[in-house]
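Trainee: 3D model of this:
(one chain, ligands or ions: 1)
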Amino acid sequence: MKLGKHALITGSSRGIGRAIAIKLAKHGVNIAIHYYKNEEAANDTLLKLREQGADGFLVQADVSNPEDISRMFNQVQDKFGKLDIFVSNARPDMSAFYHSPMEITLDHWRAALDSQAQAFLLGTQKAARLMLDGGRIIAITYSPSGRTG
Ligand SMILES: NC(=O)c1ccc[n+]([C@@H]2O[C@H](COP(=O)([O-])OP(=O)(O)OC[C@H]3O[C@@H](n4cnc5c(N)ncnc54)[C@H](OP(=O)(O)O)[C@@H]3O)[C@@H](O)[C@H]2O)c1
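Mentor: Reported below is the predicted structural model:
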């Protein structure tokens with residue numbers, strides 16, 4: 001079934017984000033492929049979408065930075081005009097933020113909140129404004145951190 005919808009998936013250059021992108025592409029969803037530093041991997045995701053008959057474009061942003069998030073959604077608005085699906089999936093390497101309570105520094109703590117909680121809040125606010133006919137917002141997280149991090 002071809003849906004003809006539009007999605008933004010943060011962190012879709014590789015890993016779980018890329019797998020979600022390919023799955024949605026199989027259903028005809030066009031995708032804004034977000035990456036942070038690895039443009040080559042993001043391009044590879046785009047090729048894989050095209051093999052599925054979908055299309056998309058690349059968008060770079062540090063999701064810890066509110067200005068980058070604004071720029072990313074401006075690009076989505078320019079290219080797609082609307083959004084149906086937003087998947088907040090990007091995450092820095094664990095060592096940037098994930099440490100035991102007695103080891104974690106304030107810089108790690110802020111990196112954790114800025115890159116995930118804040119990124120999800122700001123992304124949701126921006127995405128909802130582009131969801132003219134309703135849509136889906138999905139947060140991917142690391143469940144063990146709820147118990148141990
Ligand atoms: N892997 C697991 O076992 C597992 C289990 C449960 C949940 N999860 C969750 O699933 C999500 C994806 O995990 P993954 O293992 O697939 O990730 P991954 O392979 O390490 O990929 C991380 C992605 O996030 C991007 N990224 C890194 N730092 C960023 C930053 N500061 N700003 C914007 N984007 C940034 C990377 O972009 P570049 O490619 O450009 O660097 C890449 O696309 C995460 O939220 C994670 O918590 C993972």
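
Trainee: going forward, measure contacts between C-alpha atoms and count neighbours the same way
Mentor: Will do.

Trainee: Per-residue pLDDT of Gly149, please?
Mentor: pLDDT, Gly149: 53.

Trainee: I'd like to know how far Asp62 sits from Ser70.
Mentor: 11 Å (CA to CA, to the nearest Å).

Trainee: Look at those two and report which has more neighbours.
Mentor: Taking neighbours as other CA atoms under 10 Å, Asp62 and Ser70 compare with Asp62 leading, 20 against 16.

Trainee: The more buried one - that's part of a strand, no?
Mentor: No: Asp62 is assigned coil when assessed by DSSP: H, G, I helix; E, B strand; the rest coil, not a strand.

Trainee: pretty sure it contacts His34?
Mentor: No: look at Asp62 against His34 with CA atoms under 8 Å: they stay out of range, at 9.6 Å.

Trainee: I'd assumed Ala7 was in a strand, is it?
Mentor: Yes: assessed by three-state DSSP, Ala7 belongs to a strand.

Trainee: packing partners for the longest helix anywhere in the chain?
Mentor: Using DSSP state H, we find that the single longest helix of the chain is helix 66-80. Judged by 3 or more CA pairs under 8 Å, 6 or more residues apart in numbering; DSSP states H and E, helix 66-80 is in contact with strand 56-60, helix 119-130.

Trainee: Low-confidence ranges, the protein, go.
Mentor: Confidence mapping of the chain against pLDDT under 70 gives the ranges 1-3, 144-149.

Trainee: near the ligand, which residues of it show up?
Mentor: By CA under 6 Å from any ligand atom, the residues of the chain that approach the ligand are 11-17, 35-38, 61-64, 89-92, 140-142.

Trainee: can we see that at 5 Å?
Mentor: Neighbours of the ligand within the chain, by CA under 5 Å from any ligand atom: 11-13, 15-16, 35-38, 62-63, 89-92, 140-142.

Trainee: Give me the buried entries from those residues.
Mentor: Gly11, Ser12, Ser13, Tyr35, Tyr36, Asp62, Val63, Asn89, Ala90, Arg91, Pro92 (16 or more other CA atoms under 10 Å).
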